[in-house]
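>>> coords please:
(2 chains)
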2 protein chains.
Amino acid sequence: MAKFADIYYKIDPWKIIEEGFDEERNMVSESIFSIGNEYMGVRGYFEEGSTCEKLLGSYFNGVYEYSTDVNRSGYKGIIDHTHFMVNSVDWLYTRILIDGERLDLKVSQYEKFSRILDLKAGTLSREFIWDTKSGKRVKVKFLRFLNMNKSQEGFQRITFEPINFSGNIEVIMALDFSIIHESKGKCFWNVIKKEASDKRAAIIGQTLTSNQKVFSGFTFKSDSIIGKSVYEDEKTIGYNLNISLKQGEISSVDKLVSNIVLKDSSMDNEELWNTGINSVREQEGKNIDYALEESKAYWNNIWNRFDIQIEGDEKNQQGIRFCIFQMTQTYSGQNPTNNIGAKGLTGEAYNGHAFWDTETCCFPFYLFNNLKAAKNLLEFRYSKLGEAKKRAKMLDCAGACYPIATLNGEEACDLWQHASLQFQPSTGVAYAIWHYVHLSDDKEFLFNHGAEMLVEISRFLKTRGAWGGLNNKFGIYAVMGPDEFHMMVNNNSYTNYMAKKTFDYTLEVLAEMEEKSLDLYNKLRKKIGFTEEELKDIKNCSDNMNILYNEKTKIFEQHEGYFELPHIDVNSIPVEEFPLYNNWSYDRIYRSDMIKQADVLMFLFLYNQEFSLESKRANYEYYEPRTIHESSLSPSIHSILASELQKHEEAFKFFGFATRMDLDNYNRNTKEGIHTTSLAGAWLNIVYGFGGMRSDGKVLKFNPSIPKAWNSYSFRVVYKSAVLSVKACKEELTIKVLNDKSVEIEVYDEKYSIDSEGITLRIPEGWRA
Amino acid sequence: MAKFADIYYKIDPWKIIEEGFDEERNMVSESIFSIGNEYMGVRGYFEEGSTCEKLLGSYFNGVYEYSTDVNRSGYKGIIDHTHFMVNSVDWLYTRILIDGERLDLKVSQYEKFSRILDLKAGTLSREFIWDTKSGKRVKVKFLRFLNMNKSQEGFQRITFEPINFSGNIEVIMALDFSIIHESKGKCFWNVIKKEASDKRAAIIGQTLTSNQKVFSGFTFKSDSIIGKSVYEDEKTIGYNLNISLKQGEISSVDKLVSNIVLKDSSMDNEELWNTGINSVREQEGKNIDYALEESKAYWNNIWNRFDIQIEGDEKNQQGIRFCIFQMTQTYSGQNPTNNIGAKGLTGEAYNGHAFWDTETCCFPFYLFNNLKAAKNLLEFRYSKLGEAKKRAKMLDCAGACYPIATLNGEEACDLWQHASLQFQPSTGVAYAIWHYVHLSDDKEFLFNHGAEMLVEISRFLKTRGAWGGLNNKFGIYAVMGPDEFHMMVNNNSYTNYMAKKTFDYTLEVLAEMEEKSLDLYNKLRKKIGFTEEELKDIKNCSDNMNILYNEKTKIFEQHEGYFELPHIDVNSIPVEEFPLYNNWSYDRIYRSDMIKQADVLMFLFLYNQEFSLESKRANYEYYEPRTIHESSLSPSIHSILASELQKHEEAFKFFGFATRMDLDNYNRNTKEGIHTTSLAGAWLNIVYGFGGMRSDGKVLKFNPSIPKAWNSYSFRVVYKSAVLSVKACKEELTIKVLNDKSVEIEVYDEKYSIDSEGITLRIPEGWRA
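Numbers count the residues shown, from 1 in each chain, chains lettered A, B, ... in the order given. Predicted coordinates for the structure are as follows:
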């Protein structure tokens, strides 16, 4: 695996700083400088317009359009339409002119350019001095941020400081629905209504076929306006403002925006318009400076609770804060109709779809920081249970099959080999229910929503599986496990193991319900009609699940026949052949023992404490050398297991680019958007890897180690309401509770009761790097 | 397997007769009543036009159009365009009017309808009495046939016999390029030039993107024409003829057509036009009656050499002659740029593509009747070697990979799982080269063209295969064998066995060339640059080929892990779920031990004498019950092996609908075109099955058995220039040579030298049904 950093941004513990503008890196920077608040996200594009290569991405969580441009085969179970996150209104639309010359950083003369994402304030700012052709020099500053609490609101401030002149500047501020979806080459919005009154401009756009609507409106504030006219186009509305500048004095114009998303038809156009206009009216009474203080307060609270500190490694310090910042921007559990796209709200790539990464990779970040967010991710799946049942039926199965990629609950992956053969999403949901309840003890959720999902997932897995021809074993045939380099294999160990755990937990939950909450049990039984026979059958499948484990070597065979596959020395593959999907014949990827990403090692991570250290070592040492890590999550999972196996240098090597995957554009595709899963992976890597946290046992465990390069690091997790602080120095470990709670945990296999006094231990020999 | 005959046509030993017109069956009849001469083919549609459901199919062998309407994935090795046989000029275009009423059998009043395909004359005729709204009654007859020798020529005769009136009739005779390709809903022709002079009308059409051209011209003859005008439209040219009819007298009008196909750019438009016009001029000197006699003579010769006679079973008698007739119409080896489409020249289905069926199923029909045709099928593949090499490169392999479906040599199958994983076409070409040379001893072909193909195919198989991870065996991974219900399996026995045989034969041929024809050997080595090292490597791969054979049970495992697959009782699948592709979730088809068609049994058929009877029995008894025969060839292969195993009733059961697959529309899709492969399978089934012929050993062998229901049957094959006649009666077998030759053969494992005197044997006990 050869990945090289493309170091561009300035290192700073709390900021991402670009000094000077590199046009070649513009789209990467747009992704890096994205801001978001779960409800909406906007790439860090130049709002004043530019002729640079760019991606005008302004997105709303769960707003999508349908596409029939899929690989149609006509076969049953293969989807004939899909959906994708559609870019929406450019609510930052701005044009700036002096003496008829339009500001465009591709062609304009400028100097002292800088752009800063401030992780403490939640703001993106940019400034430079513009030298106009007419000889005027003016310092221009842009500031943008979102309301993290009232998430419909966004703010923009533009500041001008003329250096060598007094005179007028023309500023167009508008809302624009005409932007083209880059990869589909089309605008997917019709404008239903638009209006600019004296104080406010507003517009409603509607998608062409999914019929979702977005209201966008704004008001503006400035002391320097000397003239104003309406600026209008077919899908655009706003104002042309004439602003008077005085040499040496700072003038500004503020735009206060309200965006209201209507995903369904719960309001008619008039209601939506009125709701929107009222929301803009409220903005009229607000002040951007006050909003900015609110944003700072929000982020201050986040950092007080979630911050990870690394001493002695400024790059990773900056990197991990960028990860926590972007994760929080992407999803914070506001609304159970939202989920976490593979690129968050920062680009068109992966169509904004949520994958199984949500449950298996992002989920712990919320489990230990924001239980409501974790629960809402599960509620998202519960609300899509109907779609998952339809999908199972399409596949000739009972129960519920969760989609491999989705925004609205329907399967949206048009590669049938993934959509029809990968069941990680379904077992992932079951795993996340278990993980959530295990840590939260939220039986209300479990009995009301969780159990129903569990039964339906188990039904699906049971009907999708079958009994082997010779052995008396139950297994799942023709699947693709997490390792996507082996398609249509039989008895993939990950799939079978996760299915067995799903069966077991389903039966356990039903037994507990029957005992503790017979009403709900009976209600559920009435609703979805399971029988004793069916439950016995599930038990039988679990008891006889075909798990390809070799007692002697302690190695799980990834799937039937895996050990016999032709061997490829992955290190002998020339660097220029990566990514293999782009350079190898498609079928070639599937016919050797080469692995794309953690597969057996993935379930050894998820159910970590079910396996002996010896087995984990044997599997790690067998599979890692066969893995090319062509998935952004894979290195983190390997790093976590390497730490556990006390392979500390290897662990740090795999951690390598985890926190800076995007900042240093390791995959050279950050321009398409940020690797959200990778951000979550970096958090996992520190907390589960170096921190050695394990959350799958009865008590929370820690086996912290510290990378050689670091002086110390610390992180915080919320566990049973206690805010636990874990700090590892070179030789010493301190764990304490920051609030008024005490909890039982295990550290280096010893039990401790921790309170605000905390404990300080010497790090044992094997855990020092 | 539940298939039911839809008996409609009258039984007759030499004719296919429709009495009365069933509109519901119109499209089936169009397929059945197709005529062709390899160069062109035309469905039996009503040339006078009708508003019935219809498919106006007029096709030319190898004339295709490109399509970019494929499943695009962007992955390497997955095609991004395809091609399909395009319907071409309707050279039979006719309209008939009396008193302004247009003849249209959907709406017109008529009686005494009959349509007859005459297998002895090669003609399609149709007649009925038309009752016009104006009260006129006229007997109308249509006759059409093709020139079987000068294949550009087609003929049409329309005859009128007015019963209750004298008066005029208007007949439009034209050439029409405006017909729509049914499944694509589009006309793919531009007209470049058209002209109607006094005596002849002509037109050139050009396909939109493949730029192939077709000239069509005609002249007409009639004694009754009293008026004439040019009939013209954007893509149509011809005449409106006014014909005078006298009560009780027969009047006719003849159309003599010349169609000239230009597949490449070897002529410019003017040259093509002049060539075409000259060809029509030649037609002007001809007489349809004479052409008809020529056609009868051609077919007389065919039946003298190829006829199969069945006494005591009129249905199969008619059926097998229909098969021989249609096979001969589809392909007779005129031109090495032609091949055999899965539907011949009788419909749009399968896009006119040739499959591996050509070499493995159709090939023997020609090998024993028309060696030149067999050779030309191989020359077709030789001429497409460049395309096959390009395809191998797309798949990251060396050598040549022949396409799964093609007209022009390019891969045209846009289901990557078939196009990238099935290598039956390549091993099939190697097999056919061996089979052809084995029977013809044509070393000139072998050394000049065959050897080169063999080396390139071996190179492909060697680079596509790999050495197993644990065993020291060479195998081919991630393939789909002939049984298309198991995708991406490892070490499919068929593929590996056929690859081994390809390797062995390649080395054998090169050794023979080096010894006997060092010049050609060196020339070839210079041309394609193989080395001693490479040949050693091929030998090593063959010597260590992974063939999954169980010495104890004598059963070949279809592929790695097959025996362990979940079992399905194929007899328990409800009839209404067939065809499974239409009714089952796509992935469901792939996850049990259910087999679509002969796989292991296929290579036991192809290299029949390499295997013990015991092994053939064991494999037949293991695999047949798992097979649903969802391929039209599968029952015939099973019937042949059942005969060999003396399971005579079973053999006859599988033969069941072989000869009448289309006549009785068993698959209910004959309307899409005739199952050409099935026609060939019927011939194989009688000659290799009941006749027990085996052509893969040193001498030709026969083990004839006779179905209980038959009194006798006889067939003829040309072997080493001798026309062998084999006739089996209830208890007696007669074999003789019909021409002035003598040959060594084996009958019931005894050697005989056969000449025109022949031998007569009592059929041994086990071979009587």
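>>> centroid residue for chain A?
A:T676 (3.7 Å; CA atoms, centre = their mean).
>>> Can you read off the pLDDT for that one?
A:T676 is assigned 91 on the pLDDT scale.
>>> could you say what helices and strands the longest strand anywhere in chain A packs with?
What stands out as the longest strand in chain A, according to DSSP state E, is strand A:251-262. Applying 3 or more CB pairs under 8 Å, 6 or more residues apart in numbering or on different chains; DSSP states H and E, we find strand A:251-262 packed against strand A:153-162, strand A:167-176, strand A:213-221, strand A:236-245, helix A:269-284, helix A:288-306. Every residue, glycine included, has its C-beta placed from N, CA and C.
>>> Who does that strand pair with, and is each partner parallel or antiparallel?
If you go by DSSP bridges, strand A:251-262 pairs up with strand A:153-162 (antiparallel), strand A:213-221 (antiparallel).
>>> Tabulate those (CSV), appending distance to B:Q212, mean pLDDT and mean neighbour count.
Below are those laid out as CSV (distance: least, CB to CB, whole Å; pLDDT from 0 to 100; neighbours: other CB atoms under 10 Å in any protein chain shown):
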stretch, distance to B:Q212, mean pLDDT, mean neighbour count
strand A:153-162, 59, 98, 22
strand A:213-221, 51, 98, 26
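>>> for the ones you listed, which one sits closest to A:E551?
Taking CB to CB, strand A:213-221 is the member of these nearest to A:E551, at 58.6 Å.
>>> now the angle between helix A:269-284 and that closest one, please.
30 degrees (axes from the mean of the first three to the mean of the last three CA atoms, to 10 degrees).
>>> and the next element down the chain from strand A:213-221?
strand A:225-233 (DSSP states H and E).
>>> count of residues packed around A:E293?
12 (other CB atoms under 10 Å in any protein chain shown).
>>> same question but for A:Y402, I mixed them up
Neighbours around A:Y402, by other CB under 10 Å: 28.
>>> contacting residues for it?
Neighbouring residues of A:Y402 by CB atoms under 8 Å, 6 or more residues apart in numbering or on different chains: A:W356, A:R381, A:K384, A:A388, A:R391, A:P425, A:S426, A:G428, A:V429, A:I457.
>>> give the contact list for the residue nearest to the centre of chain A.
A:Q326, A:M327, A:T330, A:I340, A:G341, A:A342, A:K343, A:G344, A:T346, A:D357, A:C362.
>>> now the residues you listed as CSV including neighbour count?
Formatted as CSV, the contacts of A:T676 follow (neighbours: other CB atoms under 10 Å in any protein chain shown):
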residue, neighbour count
A:Q326, 27
A:M327, 24
A:T330, 26
A:I340, 30
A:G341, 31
A:A342, 22
A:K343, 28
A:G344, 27
A:T346, 32
A:D357, 24
A:C362, 29
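>>> any idea which element the residue in the stretch 251-400 of chain A that chain B sits nearest to lies in?
Residue nearest to chain B within the stretch 251-400 of chain A: A:D396 (4.0 Å; CB to the nearest CB). Assigned by DSSP H and E, A:D396 belongs to no helix or strand.
>>> what is the orientation angle of the longest strand of chain A with strand A:225-233?
Using the same axes, to 10 degrees: strand A:251-262 against strand A:225-233 is 30 degrees.
>>> what's the offset of strand A:251-262 from the middle of its chain?
The chain centre lies 26 Å from the centre of strand A:251-262; the measure is CA atoms, centre = their mean, to the nearest Å.
>>> ok so, going back, out of the contacts of A:Y402, which is nearest to B:T659?
Using CB to CB, A:R391 is the member of these that lies nearest B:T659, at 44.9 Å.
>>> which residues touch that closest one?
Contacts for A:R391 (CB under 8 Å, 6+ apart) come out as A:A400, A:C401, A:Y402, A:P403, A:E410, A:E411.
>>> What of A:S632?
A:M661, A:N667, A:H675, A:T677, A:S678, A:G681.
>>> I figured A:G319 hits A:A682, correct?
Yes: A:G319 lies in contact with A:A682 (CB atoms under 8 Å); the separation is 7.0 Å.
>>> Give the residue spans of chain A that score low on pLDDT.
A:1-3 (pLDDT under 70).
>>> try 50 this time
A:1 (pLDDT under 50).
>>> What residue spans form the domains of it?
What automatic domain parsing lists as the domains of chain A is A:33-280, A:308-697, A:715-767.
>>> Can you give me the end-to-end span of the longest one?
Which is domain A:308-697. 24 Å (CA to CA, to the nearest Å).
>>> closest one to B:H81 among the strands paired with strand A:251-262?
The nearest among the strands paired with strand A:251-262, by CB to CB, is strand A:213-221 at 38.6 Å.
>>> quick check, distance from that closest one to the centre of its chain.
From the chain centre to the centre of strand A:213-221 is a distance of 27 Å (CA atoms, centre = their mean).
>>> now that strand against strand A:167-176, angle please.
160 degrees.
>>> Output strand A:213-221 as CSV, nothing but the C-alphas.
Provided in CSV are the C-alpha atoms of strand A:213-221 (Å, rounded to 0.1, in the frame of the first residue of the first chain):
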residue,chain,number,x,y,z
LYS,A,213,-38.9,21.1,-2.0
VAL,A,214,-36.5,23.5,-0.6
PHE,A,215,-37.4,27.1,0.5
SER,A,216,-34.5,29.5,0.7
GLY,A,217,-34.8,33.1,1.8
PHE,A,218,-32.6,35.8,3.1
THR,A,219,-32.4,39.3,4.5
PHE,A,220,-29.3,41.5,4.4
LYS,A,221,-27.7,44.1,6.6
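>>> and A:R660, what is it in contact with?
A:A5, A:K315, A:N316, A:Q318, A:G319, A:F322, A:Y666.
>>> who's in contact with the first one?
Meaning A:A5. A:A5 neighbours (CB under 8 Å, 6+ apart): A:F657, A:R660, A:D664, A:N665, A:Y666.
>>> The second one too?
A:K315 is in contact with A:I11, A:T659, A:R660, counting by CB under 8 Å, 6+ apart.
>>> just A:I32 next, same as before
Residues in contact with A:I32 (CB under 8 Å, 6+ apart) are A:Y9, A:I16, A:G44, A:L117, A:D662, A:L663, A:T670, A:I674.
>>> Relative to chain B, which of the residues you listed is nearest.
Proximity of those to chain B (CB to the nearest CB) peaks at A:T670, which lies at 20.5 Å.
>>> what's the neighbour count on the closest one?
26.
>>> who's in contact with it?
Applying CB under 8 Å, 6+ apart, one finds that A:T670 lies in contact with A:V28, A:S31, A:I32, A:M661, A:D662.
>>> Need the phi and psi values for it.
phi -60, psi -20 (degrees, to the nearest 10).
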